[in-house]
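Q: just to be clear, the model below is a prediction. Sequence and coordinates:
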Amino acid sequence: MALLEVVSLMRLDVRQIVGFLRDPRWYVVRNALLLLRHVKSIGDSIHLIKLMCEHPDERVQQAALSTLKRHDPIAYAARRRSSIAA
């Protein structure tokens, strides 16, 4: 059974998943971002995803960017432009 199927069976609230973004383990944060990518609406949690784009671990940054692309394509494009210009 895929991870997303398990989570949907657990009926986790977006707030519960967002809570994992504060975990000190990079892989927990990355997995939470991957889950958020598939949630229809993340509400006002978009600012936390933007913060995760600056996470010290590159794997978390990549997951944050892909999640940002799904939920806020304009912010994603702006980040991509600024990283290319730097």
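A: Good, I have the coordinates. Here the structure is a predicted model, which means the values were calculated and not measured.

Q: helix or strand for the spatially most central residue of the chain, which one?
A: Geometric centre of the chain, nearest residue: Leu33, 2.9 Å, by C-alpha atoms, centre = their mean. Using DSSP states H and E, Leu33 sits in helix 26-37.

Q: remind me what that helix packs against, helices and strands.
A: Using 3 or more C-beta pairs under 8 Å, 6 or more residues apart in numbering; DSSP states H and E, the elements in contact with helix 26-37 are helix 3-10, helix 14-19, helix 46-52, helix 58-71. Using the backbone N, CA and C atoms, a C-beta is placed for each residue, glycine as well.

Q: save these as JSON lines, and put in mean neighbour count, mean pLDDT and distance to Lys40 too.
A: Formatted as JSON lines, these follow (neighbours: other C-beta atoms under 10 Å; pLDDT from 0 to 100; distance: least, C-beta to C-beta, whole Å):
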{"stretch": "helix 3-10", "mean neighbour count": "11", "mean pLDDT": "58", "distance to Lys40": "12"}
{"stretch": "helix 14-19", "mean neighbour count": "15", "mean pLDDT": "89", "distance to Lys40": "9"}
{"stretch": "helix 46-52", "mean neighbour count": "17", "mean pLDDT": "94", "distance to Lys40": "13"}
{"stretch": "helix 58-71", "mean neighbour count": "19", "mean pLDDT": "96", "distance to Lys40": "10"}
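
Q: of all those helices, which one comes closest to Ser83?
A: helix 58-71 (9.2 Å; C-beta to C-beta).

Q: tilt between the closest one and helix 26-37?
A: 10 degrees (axes from the mean of the first three to the mean of the last three C-alpha atoms, to 10 degrees).

Q: show me how far the next helix-or-strand element following helix 58-71 is from its chain's centre.
A: Counting by DSSP H and E, the element after helix 58-71 in chain order, helix or strand, is helix 73-85. Relative to its chain's centre, helix 73-85 lies at 16 Å (C-alpha atoms, centre = their mean, to the nearest Å).
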